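Undergrad: Structure for the following, please:
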Amino acid sequence: MFKEIDSLLQNNEWHKAISLIQAEKDIFTNKELLQKLGWAYSRIENYNEAIACFDKLIEIEPQMAKWHYMKGYQFYMQKQWNESIIEFLKALELYPKYLVVKYRLAYAYLQITGNYLQYTKDTFWKALGQLTECHTIYMEYSKETQEKEKHTYFDICFLHGKTIQEMNGKQEEALKLLTTALSLKEDEDCQYQLAKTYTIMKEYDKALEVLPHSNKYYVKELEANIYAELGKLKESNSILIKLVKYRKKDYIYFKLAENYVQENKIDKAIEFSRQAINCGKDNYKNYLLLGKLLYKKEQYKSAVDILTKASNIKNQKYQLSCPESDKIISDILEITNNNPYDLKIDSRESIIVDYNSQKGFGFILDEVYGKIFVHISNIKNANCKELKGKKVLYSIEKNNKGYYAVNVNIKED
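TA: So this is what the prediction gives:
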């Protein structure tokens, strides 16, 4: 009977294994059957039934650390981190050198720590403490045991290296940990973290050398950032423009805008910074960048409006001021004698992206201001009803409703 159950478990036939085990009369007194049943329930993600099995095992054998670990693992798989931590700590009370438990405990601590102000949180340092102890335990093992536990040790080195890579002065240690991990197992995500660490250290050529050849979005994003740091802006933009077609993230648009600033293509940078705001309306950095660019274009009133928005968002979200934004606003007020204005923009070229011929109005897609209103009365040579898609030359003015196009001329095909 046990051979049949083991065969079903080895072949991932979990439901059949559960039915066979449940048919046994002594199921709730047989530790081996309970363990197999709990594991089978876990594999089909019936975690409550799995927990019931391990609770029974804890009742039968309270000094067995493994049962607390297995119970904690069910919470861990459901991302119920606090509940998993309670069981992992109980397991470690019974067996302090339980390597996989210490690793999972560290991981759970990091999950409840989060990324925001993590160094100020006790759980972050508890996680690092557990990971540090893992190395001591592993080094005490015999070569045979190390070989047996190498997959767990890969996870430990990978997690430890990834966790400390951005800490001041910890990059060399992170490199050693990630390199050790890769010596135990080839892994693209670990290669990515190694490249990321080199990037943090500004060793961009080494970062490119170890970066995996992968189309995963985060790998391509890092590759684009490395190229930008190397001054290869065309290569960087090529990657980012492909990415943004299916990942409309504000930080990608933001990076494109930064790249175009370096190329001194300010109008293009403004276009992408507006896209960044559209995708990340609660990120003050997006508004700050656009405000700087509008200031460069002498669009003083618009710059003040956007920079004020940046300050308000940062204050509301973090209860912090935005000195950089305040400084630019102060400069603008000085330049304009406390009466900021927008420089009139002439000789622009774009296309009409929407037009209602019955009502006589539509919208031009402007690189700086996005969609701007255009009325038939401001189109000088509208000699056809279908204006959508037509290339136009135009100027921009502003009223209390916003920007609109004037002196519009349809370009001949």
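Undergrad: Check which residues of stretch 190-202 are buried.
TA: For stretch 190-202, burial by neighbour count (16 or more other C-beta atoms under 10 Å) applies to 190-199. Any C-beta I mention is one placed from the backbone N, CA and C, and that applies to glycine too.
Undergrad: Please parse this structure into its domains.
TA: When the chain is parsed with automatic domain parsing, its domains come out as 2-204, 218-335, 345-410.
Undergrad: Nearest to residue 212, out of those?
TA: Of all the domains of the chain, domain 2-204 sits nearest to residue 212, with 4.3 Å by C-beta to C-beta.
Undergrad: Hmm, residue 308 is touching residue 326, no?
TA: No: with contact defined as C-beta atoms under 8 Å, residue 308 does not reach residue 326; the gap is 9.4 Å.
Undergrad: low-confidence ranges in the stretch 201-350 of the chain?
TA: Residue ranges of the stretch 201-350 of the chain with pLDDT under 70: 344-347.
Undergrad: Sketch out the strands for it, chain order is fine.
TA: Here the stretch 201-350 of the chain has its strands, by DSSP state E, counting those that start in this stretch, at 345-356.
Undergrad: What segments of the stretch 51-200 of the chain are strands?
TA: With DSSP E, counting those that start in this stretch, there are no strands along the stretch 51-200 of the chain.
Undergrad: Spatially central, which residue of the chain would that be?
TA: By C-alpha atoms, centre = their mean, the chain has its centre lying nearest to residue 218, at 8.2 Å.
Undergrad: So that residue versus residue 280, what's the distance?
TA: Residue 218 sits 18 Å away from residue 280, going by C-beta to C-beta, to the nearest Å.
Undergrad: Same check on residue 125?
TA: Residue 125 sits 31 Å away from residue 280, going by C-beta to C-beta.
Undergrad: Could you do residue 194 as well?
TA: Look at residue 194 and residue 280: by C-beta to C-beta, they are 29 Å apart.
Undergrad: What residues are bridge-paired with residue 398?
TA: Here residue 398 sits in beta bridges with residue 403, going by DSSP bridges.
Undergrad: Correct me if wrong: it contacts residue 406.
TA: No: proximity of residue 398 to residue 406 does not meet the contact threshold set by C-beta under 8 Å, at 10.4 Å.
Undergrad: Residue 406 belongs to a strand?
TA: Yes: applying DSSP: H, G, I helix; E, B strand; the rest coil, one finds residue 406 inside a strand.
Undergrad: between the host helix or strand of residue 396 and strand 345-356, what angle do the directions make?
TA: According to DSSP states H and E, residue 396 maps onto strand 391-399. Orientation check (axes from the mean of the first three to the mean of the last three C-alpha atoms, to 10 degrees): strand 391-399 against strand 345-356 gives 100 degrees.
Undergrad: Counting by contacts, list what strand 391-399 packs against.
TA: strand 345-356, strand 361-366, strand 370-375, strand 402-410 (3 or more C-beta pairs under 8 Å, 6 or more residues apart in numbering; DSSP states H and E).
Undergrad: one more time with 6 Å, if that's ok
TA: Judged by 3 or more C-beta pairs under 6 Å, 6 or more residues apart in numbering; DSSP states H and E, strand 391-399 is in contact with strand 345-356, strand 402-410.
Undergrad: possible to save these as a markdown table with distance to residue 92 and mean neighbour count?
TA: Below are the helices and strands packed on strand 391-399 laid out as a markdown table (distance: least, C-beta to C-beta, whole Å; neighbours: other C-beta atoms under 10 Å):
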| stretch | distance to residue 92 | mean neighbour count |
| --- | --- | --- |
| strand 345-356 | 62 | 15 |
| strand 402-410 | 62 | 18 |
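Undergrad: Not counting sequence-adjacent ones, nearest residue to residue 128?
TA: Excluding the flanking residues, the one nearest residue 128 by C-beta to C-beta, 6 or more residues apart in numbering is residue 163, at 6.8 Å.
Undergrad: Next: residue 87.
TA: Spatially, and ignoring its direct neighbours in sequence, residue 87 is nearest to residue 72 (3.0 Å; C-beta to C-beta, 6+ apart).
Undergrad: Show me where the stretch 51-200 of the chain has its helices.
TA: 65-77, 81-94, 99-113, 122-140, 143-148, 150-164, 171-184, 188-200 (DSSP state H, counting those that start in this stretch).
Undergrad: buried sites along the fourth one?
TA: Along helix 122-140, the positions that meet the burial threshold by neighbour count (16+ other C-beta under 10 Å) are 123-124, 126-128, 130-131, 133-134, 137-138.
Undergrad: What of the first one?
TA: Of all the residues in helix 65-77, those buried under the rule 16+ other C-beta under 10 Å are 65-76.
Undergrad: Can you tell me which of the residues you listed is nearest residue 173?
TA: For those, the nearest to residue 173 is residue 76 (26.7 Å; C-beta to C-beta).
Undergrad: Contact partners for that closest one?
TA: The neighbourhood of residue 76, defined by C-beta atoms under 6 Å, 6 or more residues apart in numbering, consists of 84, 104.
Undergrad: same thing but 8 Å
TA: 84, 104, 107-108 (C-beta atoms under 8 Å, 6 or more residues apart in numbering).
Undergrad: now swap in residue 170 and tell me
TA: Residue 170 makes contact with residue 164, according to C-beta under 8 Å, 6+ apart.
Undergrad: Dihedrals phi and psi, it?
TA: In terms of degrees, to the nearest 10, the main-chain angles of residue 170 are phi -110, psi 0.
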